[in-house]
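Asker: return a 3D structure for these sequence lines:
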Amino acid sequence: MYESDNNSGPFTQQSFENAFGANGINGIFDPGGVFSPPPNAANSAMPYLNQAMLQLPSYFQTYINAGNQMMPQLQQQYGQLLNNPGSVMNKIGSGFQQSPGYQWQTNQALGAANRAASAGGMLGSPAEQQSIAGTVNGLANQDYYNYLNHAMSMYGMGLQGAQNMYGIGYDASKNLGEDMSNLGMSQANLTYAGQANQNQGRFGMLGDVMGLVGAFL
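Answerer: Numbers count the residues shown, from 1 in each chain. Prediction:
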């Protein structure tokens, strides 16, 4: 039982203040009091996590921008290929020019045809002229389709390159989203763990205080 005499009885005013401070039992909840829980350790990590969340996008943004720039071009090209592939081939074919070897091959073919016709006594005949025309026409077609095949191959390389660039941008945006999500989860987990530790420490100290109260009673 509490005695009014500061120096008498088992539980004196002085012993109460020695145990709990001048503010009594309320002192255990005073911030900075001897019984107050330590600062939340999670708060120390938060500035680093916040800084990472601010800096992280800059590492991915260049690739994200490149992917975003490729998207409309890919949509346009694939749309043309799906809806009107002939227009793509015509556009590529419109840039055709005779290859440097075409004229040489033509001269060689004409020379061989003339020699054959002369040997057979048909030089200048309609049959020889028809044969020459067919040879020249075949060489011209071969030259054109060689050009078209090469041009289509390069067009495919361009599409593949654009697709790769778009894929890099997509991967960068995906990785950024995952990293930002992980940082957010880390912040949430740290906040929860820090608060749980503080609560545990507060309840532990409260138990200690109750033990001290029981010792004095």
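Asker: helices or strands up against the strand or helix carrying residue 177?
Answerer: Assigned by DSSP states H and E, residue 177 belongs to helix 126-216. The contact analysis (3 or more Cβ pairs under 8 Å, 6 or more residues apart in numbering; DSSP states H and E) places helix 126-216 against helix 13-20, helix 42-83, helix 85-93, helix 102-119. From N, CA and C alone the C-beta is placed, and that goes for glycine too.
Asker: for residue 152, which of the ones you listed is the nearest?
Answerer: Shortest distance between residue 152 and the helices and strands packed on helix 126-216, using Cβ to Cβ, is found for helix 85-93: 6.5 Å.
Asker: report the buried residues of that closest one.
Answerer: residue 92 (16 or more other Cβ atoms under 10 Å).
Asker: once you drop chain neighbours, what's closest to residue 95?
Answerer: residue 151 (7.2 Å; Cβ to Cβ, 6 or more residues apart in numbering).
Asker: so for that neighbour, what's the pLDDT?
Answerer: The model reports residue 151 with a pLDDT of 94.
Asker: and it, how many neighbours does it have?
Answerer: Per other Cβ atoms under 10 Å, the neighbour tally for residue 151 reads 16.
Asker: can you list the buried residues in stretch 156-171?
Answerer: The neighbour-count check on stretch 156-171 (16+ other Cβ under 10 Å) flags 162, 165-166, 168-170 as buried.
Asker: err, stretch 137-149, not the other one
Answerer: Buried residues in stretch 137-149, counted by 16+ other Cβ under 10 Å: 139, 143-144, 147.
Asker: cool, and stretch 101-120?
Answerer: Buried, per 16+ other Cβ under 10 Å, within stretch 101-120: 102, 105-106, 109, 113, 117.
Asker: over to stretch 61-76?
Answerer: 63-64, 67, 70.
Asker: ok, stretch 181-189 next?
Answerer: Result for stretch 181-189 [16+ other Cβ under 10 Å]: buried residues 183, 186-187.
Asker: any residues touching it, and which ones?
Answerer: 46, 49, 52-53, 56 (Cβ atoms under 8 Å, 6 or more residues apart in numbering).
Asker: pLDDT for these - can I get that in JSON lines?
Answerer: Below are those laid out as JSON lines (pLDDT from 0 to 100):
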{"residue": "46", "pLDDT": "76"}
{"residue": "49", "pLDDT": "77"}
{"residue": "52", "pLDDT": "80"}
{"residue": "53", "pLDDT": "82"}
{"residue": "56", "pLDDT": "86"}
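Asker: and what about residue 100, helix, strand or coil?
Answerer: Secondary structure for residue 100, judged by DSSP: H, G, I helix; E, B strand; the rest coil, is coil.
Asker: any idea how many residues pack against it?
Answerer: 7.
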